[in-house]
Every structure is written in structure tokens, then in C-alpha cells.
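Asker: Got a sequence here, can you model it:
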Amino acid sequence: DSAEASPSVVFENTERCNPKCLRMLLENISGLTEDGDFTVELIPEINVAVATFIKNIDTKEFVEKCSQHKRIREFHMTARLLESTQSIKAENLPESISSDYLTVYFESTRNGGGPVADVQLFPEENSAIITFCDHKGNS
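Answerer: The predicted model follows:
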């Protein structure tokens, strides 16, 4: 069901396509502009980019268009919907942060949160894994 499809699309094997080229390619395929219709987050360590559509589009259809697009295939990239997850990693946290504070913060609907099932602190990395009761509270 497209209504439940993720607004985010993962592009893998992005190393052959520079960020500016990727953004233009996504504009060409979607007919949208990055300036307000979608955002792109690059994760160069694992050669991945995530496009998140602000404008409501059929992302399943977009992924299908990408898989058939000549340039995407030439770059050996793949596209897939970003799957839902119940856990997120928060990084660059202050040293004094508590699991109680993180729980309250991520349960705040103002922050897009939801009921938190668990918080694991990793003080040596200044990070934490927050696990939600369901996947809707981690946008």
C-alpha cells in the first residue's frame, strides 16, 4: 500500500556518482527539486545516500523508475525503500546525558517521538541506541 510506503529511498553503491550528480539525477527522475521537494543525506563511509521526499510522491513507483533508469544502472547503483526500524542511534551527545533525559526527549510528540522501550548509553562514544515500542515514533 503506497500510503504506508516510506518517504525515504536508499541509494546504494553511490561511489561512482558525485553528490551534485546524484541530486541532479534524482531531480530528473522525480521531476521534483531538492530545494523543497526532497532532501539527500550522504553516508560516504558505506557508499549510501538517502533521499527523503517532503512532497508526497509514490516512492514505490519512484524506486521502480530508478531501477529502470539508464544512468542509475550505468553507475551500478540500486534504489530501495528505507525500511522501518524500531531503533535509532543518537550521536554527539553531551557527556552528562542520562537515559531518563533521552527517554523523555524521544517520547516528546513535539520532537516526532513516541513511546520508548529502551535506551542504551555508550558514554565512551557519546552515543545511545533508543528503541521505540513501535516503528512510528522514530522519524
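Asker: Which residues are in contact with the residue nearest to Leu102 when sequence neighbours are not counted?
Answerer: By the measure of C-beta to C-beta, 6 or more residues apart in numbering, the closest residue to Leu102 outside its immediate chain neighbours is Val119, 4.9 Å from it. In this view, the C-beta of every residue, glycine as well, is placed from N, C-alpha and C. By C-beta atoms under 8 Å, 6 or more residues apart in numbering, Val119 lies in contact with Ser99, Leu102, Thr103, Phe106, Ala128, Ile129, Ile130, Thr131.
Asker: same check, this time on Asn56
Answerer: Counting by C-beta under 8 Å, 6+ apart, Asn56 makes contact with Pro7.
Asker: if we can go back for a sec, so what are the sheet partners of the helix or strand harbouring the residue nearest to Leu102 and their directions?
Answerer: With the criterion set as DSSP states H and E, the secondary-structure element containing Val119 is strand 116-122. With DSSP bridges as the criterion, the sheet partners recorded for strand 116-122 are strand 127-132 (antiparallel).
Asker: I would like the residues contacting the strand it pairs with, please.
Answerer: 86-93, 97, 99, 102-103, 106, 113-122, 138.
Asker: Give me the residue ranges of this structure where confidence is low.
Answerer: Under the criterion pLDDT under 70, the flagged ranges of the chain are 1-4, 135-139.
Asker: got the domain boundaries for it?
Answerer: Each structural domain of the chain that the record assigns through the TED database is listed here as a residue range: 8-81, 87-132.
Asker: Can I have the buried ones of the contacts of strand 127-132 as a ChimeraX selection?
Answerer: The buried residues among those can be selected in ChimeraX (16 or more other C-beta atoms under 10 Å) with this line:
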select :86,90,93,97,102,103,106,113,114,116,119,121,138
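Asker: Now tell me what touches the biggest helix by length in the chain from outside.
Answerer: Using DSSP state H to define each element, the chain has its longest helix at helix 19-30. Counting by C-beta under 8 Å, 6+ apart, the neighbours of helix 19-30 from elsewhere in the structure are 11, 14, 17, 32-34, 37-38, 40, 42, 49, 51, 53, 57, 62, 65-66, 69, 71-72.
Asker: hmm, back to that, and the strand holding Val119, how far from the chain's centre?
Answerer: Offset of strand 116-122 from its chain centre (C-alpha atoms, centre = their mean, to the nearest Å): 20 Å.
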